[in-house]
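Participant: Fold the following and give me the result.
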Amino acid sequence: MQSIHNKILARIRGKGRGCAFSSKDFLDLGDRNSVDKTLSRLRVQGIIRRVATGIYDFPRKDEELGGKLSPNIHQVAQAIARKNGVRIQPSGAQAANLLGLSMQVPAQVVYLTNGKSRTVDVAKRTLIFKRAEPREMQPGSDMGILVTQAIRYMGRDQVDKNVIDYLRRQISDSDRKKLMKDARYLEDWIWEAVRRIASKQEKQGE
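Facilitator: All right, here's what the predicted structure looks like:
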């Protein structure tokens, strides 16, 4: 039978480099004390690192850039949300950044949440969780939220054919139906943009 150490390590490696987690993500494998001790040993061994209070990551590496890379801030935000049992969604600026529509790397990264407002320092960046009203928390799939948040942030005039084509290439076939479902009750211009993104090719003249 595998030890809890091997089970946790296998799960971390299965998630891949860049993943972030807390002890809560492994409580199905053992009791809290055993999980905490295992994560502490893995940190001492240099396999994982602590990036915030109670949050660890399996660091990405690039030897040409000097070894371990900065934490994946989106993975860290999701790990914090799971740890605290709350929902989060990226702000428009963060959504645009995650989708590659903005190359700017902000020092402050904002997520809306149905939990408490708080700030968390991660490496040299500040992760801000801003409490939002229920109506501000958009339902739907992760990709649907990302796309619609980014579109709203960019604004109607900036979402041109190039942006539509780019976003169409970023989504999988399985995401297309989810996008249409998630956006059907949003503003008309966002719905129209999503309809074009979800189609497999742009109709002539659009």
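
Participant: Not counting its neighbours along the chain, what's nearest residue 166?
Facilitator: Ranked by C-beta to C-beta, 6 or more residues apart in numbering and with sequence neighbours excluded, the top spatial neighbour of residue 166 is residue 101, at 7.2 Å. In this view, the C-beta of every residue, glycine as well, is placed from N, C-alpha and C.

Participant: distance of the one you found from residue 162?
Facilitator: Residue 101 is 10 Å from residue 162, where distance means C-beta to C-beta, to the nearest Å.

Participant: neighbour-wise, which of these two wins?
Facilitator: Per other C-beta atoms under 10 Å, whichever of residue 101 and residue 162 has more neighbours is residue 101, with 20 against 9.

Participant: How many residues are close by residue 75?
Facilitator: Look at residue 75: counted by other C-beta under 10 Å, it has 19 neighbours.

Participant: so it touches residue 18, yeah?
Facilitator: Yes: with contact defined as C-beta atoms under 8 Å, residue 75 and residue 18 form a contacting pair (5.9 Å).

Participant: what is in contact with those two at once?
Facilitator: Here residue 75 and residue 18 share the contacting residues residue 57, scored by C-beta atoms under 8 Å, 6 or more residues apart in numbering.

Participant: Need the distance between the two termini of stretch 119-134.
Facilitator: Start to finish, the residues bounding stretch 119-134 are 20 Å apart (C-alpha to C-alpha, to the nearest Å).

Participant: How about residues contacting that stretch?
Facilitator: Taking C-beta under 8 Å, 6+ apart as the rule, stretch 119-134 contacts 51-53, 70-71, 73, 76-77, 80, 88, 91, 106-118.

Participant: So which bits of that stretch are buried?
Facilitator: For stretch 119-134, burial by neighbour count (16 or more other C-beta atoms under 10 Å) applies to 120, 122, 125, 127-129, 132.

Participant: contacting residues for the residue positioned nearest the centre of the chain?
Facilitator: The residue lying closest to the centre of the chain (C-alpha atoms, centre = their mean) is residue 74, at 3.8 Å. If you count contacts by C-beta under 8 Å, 6+ apart, residue 74 has them with 90, 94, 98.

Participant: Could you do residue 56 as well?
Facilitator: Going by C-beta under 8 Å, 6+ apart, residue 56 touches 20-22, 39, 42-43, 48-50.

Participant: Ranking by neighbours, what's the top pick from the contacts of residue 74?
Facilitator: Using other C-beta under 10 Å as the neighbour test, the contacts of residue 74 are led by residue 94, with 26 neighbours.

Participant: so who does the nearest residue to residue 139 once chain neighbours are set aside touch?
Facilitator: Counting by C-beta to C-beta, 6+ apart, residue 139 lies nearest to residue 182, which is 7.4 Å off, once chain neighbours are set aside. Under the criterion of C-beta under 8 Å, 6+ apart, the neighbours of residue 182 are 138-141, 144-145, 148, 194.
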